[in-house]
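[1] sequence and predicted structure, then a few things I'm wondering about:
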Amino acid sequence: MKKDAIINDLENNIYCRIQRSPIHGVGVFAIKNIPKGVNPFVTYGDVDVIPVPEKEIMENKKIPDAVKEMVKAFYVIQNGAIYCDARSLNEINITYFLNHSNAPNLDVEDVNEESLFTAKRDIAAGEELTSDYSQYSDSYSLP
């Protein structure tokens with residue numbers, strides 16, 4: 001990005017931040033009002049997602065258990081496959097820190113194997129953003 005694009009991004013596209021959550025550990029919180037229908041992660045897209053058979057990761061003895069727990073916490077698992085971001089777990093995106101809710105304030109839609117999040121209703125600054133994990137993952141653990 002060039003300087004003008006950075007300024008435009010900061011002015012128009014940054015809606016949230018990570019902070020301590022009463023739901024679980026840390027979460028994603030609105031830092032300004034997010035109108036219904038808006039994607040608060042508009043600049044996050046075109047991510048290469050690679051399906052890897054679940055057992056190739058979970059049964060791999062060279063992968064530490066702590067790393068396997070991160071894989072389960074951050075990646076979507078569907079139909080026996082783990083959908084891994086083509087980048088490293090060291091580069092995970094803010095959306096990976098969304099906490100689960102049975103009454104989420106974000107809708108999620110699958111678009112070309114990517115999860116597209118939009119505000120289900122108006123979300124006020126200071127409010128935690130949540131999603132229903134069951135909408136996009138067969139396997140998830142709740143606190």
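    Nice, I can see it.
[2] mean confidence (pLDDT) on stretch 40-50, please.
    Averaging pLDDT along stretch 40-50 gives 75.
[3] end to end, how far does that stretch reach?
    One end of stretch 40-50 to the other measures 24 Å (CA to CA, to the nearest Å).
[4] and for stretch 109-124?
    This stretch, stretch 109-124, spans 22 Å end to end (CA to CA).
[5] what does the domain assignment say about the protein?
    Domain assignment for the chain, taken from automatic domain parsing, gives 1-41+93-143, 48-92.
[6] pick the most deeply packed of the ones you listed.
    Comparing the domains of the chain by mean neighbour count (mean count of other CB atoms under 10 Å), domain 1-41+93-143 ranks first with a mean of 15. C-betas here are computed from N, CA, C, even on glycine.
[7] and that one, how far from the chain's centre?
    Offset of domain 1-41+93-143 from its chain centre (CA atoms, centre = their mean, to the nearest Å): 7 Å.
[8] so where's the protein uncertain?
    Counting by pLDDT under 70, the ranges of the chain that qualify are 43-47, 112-113, 138-143.
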